[in-house]
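> coords please:
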Amino acid sequence: MRSIRPAQIARRAAVLTLALMAAGLAHAADVTVSAAASLTNAFKELAPAFEAAHPGTKVQFNFAASDALLAQIAKGAPVDVFASADQETMDKAQQQKLLVEGSRRNFVSNALVVITPVENGVTLKSLAELQQPAVKRIAIGKPEGVPAGRYTKAALEKANLWTALEPKAVFAQNVRQALDYVSRGETEAGFVYATDAFVLKDKVRILFSVPTETPISYPIAVTNGGTNADGGKQFLDFVASAAGQAVLAKYGFQKP
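Take a look at the predicted model:
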């Protein structure tokens, strides 16, 4: 059997060490972003531009309902950036001391709308008309876990319609699932954000906008539990930059 000299062992150990260091640096350069489901398309398009502006950095996304993301972060998920679809969820994150102090900011706003399938959809002009027999099912995000669902319930309660319409509700795990229910014709109507309707404008159409007592503004912040706080801050800065805002506007998001 051929013996390996100590010098060779040392060289191989050095090469292995450098390889592990490089892998660690590459991993450290990743920016993990947990973002509300309604940001999926816009953030995915924004990522390559951010990565090009920060060579060696890669963005990893996790999209879901804001409440679900908060629960993951609270349990120790290694997240660098949290972007929520409402202030209430981010307030909870701040109360639990999960955010880097001073990093929180609002970066876009949105609107709640009622949609129907393009094919065989209904024609409605108001919330009250959702009571019509032609509307058998309404897709709504679960109010206890989805910001869009909370906005919806609050709007219907204000119009004294929640009790009448709740039996028609098909509750979704996030706003994109509500969008899917309508786009597939599984419900006659649904409540989503205007930006969600924009993504599938060939399959759903907006019937009308729904006034909300609380403006729909999206906050974003660097979290305490991540591994790349500097990269997280760079991502926040990019989202707020002219280039980042242009991508978000392309998908229907408004200024904060």
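
> which phi and psi does V33 have?
phi -120, psi 120 (degrees, to the nearest 10).

> Run a quick neighbour tally on the closest residue to it other than its chain neighbours.
Of all residues not flanking V33 in the chain, V81 sits nearest, at 4.4 Å (C-beta to C-beta, 6 or more residues apart in numbering). In this view, the C-beta of every residue, glycine as well, is placed from N, C-alpha and C. If you count neighbours by other C-beta atoms under 10 Å, V81 ends up with 27.

> can you check P167 too?
8.

> Surely it is in a helix?
Yes: using DSSP: H, G, I helix; E, B strand; the rest coil, the assignment for P167 is a helix.

> Can you tell me how far it is from E188?
14 Å (C-beta to C-beta, to the nearest Å).

> One more: L179?
14 Å.

> Comparing these two, which shows the higher neighbour count?
Each of L179 and E188 has its neighbours counted (other C-beta under 10 Å); L179 has more, 27 against 21.

> Next, that one: phi, psi?
Backbone torsions for L179, taken as degrees, to the nearest 10, come to phi -60, psi -40.

> my guess is it meets T195, correct?
No: contact criterion C-beta atoms under 8 Å: L179 and T195 do not qualify, at 10.1 Å.

> Could you pull out the helices in this structure for me?
6-28, 40-53, 66-74, 87-95, 147-158, 162-165, 175-183, 194-199, 229-240, 242-250 (DSSP state H).

> of all those helices, which lies closest to Q132?
Nearest of the helices of the chain to Q132, taken as C-beta to C-beta: helix 162-165 at 10.9 Å.

> Quick check, central residue of the protein?
Computing the C-alpha centroid of the chain and ranking residues by C-alpha atoms, centre = their mean puts A36 first, at 1.6 Å.

> Report the separation between that residue and Y193.
9 Å.

> intersection of neighbour lists for the two?
A85, V175 (C-beta atoms under 8 Å, 6 or more residues apart in numbering).

> quick one on the thing from earlier: now mean pLDDT too, for the helices of the chain, in a markdown table please.
A markdown table is the format used below for the helices of the chain (pLDDT from 0 to 100):
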| stretch | mean pLDDT |
| --- | --- |
| helix 6-28 | 43 |
| helix 40-53 | 96 |
| helix 66-74 | 97 |
| helix 87-95 | 97 |
| helix 147-158 | 98 |
| helix 162-165 | 98 |
| helix 175-183 | 98 |
| helix 194-199 | 96 |
| helix 229-240 | 97 |
| helix 242-250 | 96 |
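
> ranking the ones you listed by burial, who's on top?
Among the helices of the chain, helix 175-183 has the highest mean neighbour count (mean count of other C-beta atoms under 10 Å), at a mean of 26.

> Could you list the residues in contact with that one?
36-38, 40, 63, 65, 85, 115-117, 137, 139-141, 146-149, 170, 172, 187, 189-193, 196-197, 199-200, 203-204.

> repeat for stretch 240-250
Stretch 240-250 has contacts (C-beta under 8 Å, 6+ apart) with A42, E45, L46, A49, F50, A53, R105, F107, V108, F238, V239, K255.

> What's the separation between the closest residue to K92 other than its chain neighbours and A221?
Of all residues not flanking K92 in the chain, L70 sits nearest, at 6.1 Å (C-beta to C-beta, 6+ apart). According to C-beta to C-beta, L70 stands 11 Å off from A221.

> what's the overlap in contacts for these two?
With C-beta under 8 Å, 6+ apart as the test, L70 and A221 both reach F82, A93.

> The chain - how does it break down into domains?
The chain breaks down by automatic domain parsing into domains covering 6-109+217-250, 112-210.

> Count the neighbours of T212 for me.
Neighbours around T212, by other C-beta under 10 Å: 16.

> Isn't it up against S109?
No: counting by C-beta under 8 Å, T212 does not reach S109; the two are 10.7 Å apart.

> joint contacts of the two?
With C-beta under 8 Å, 6+ apart, T212 and S109 have no common neighbours.
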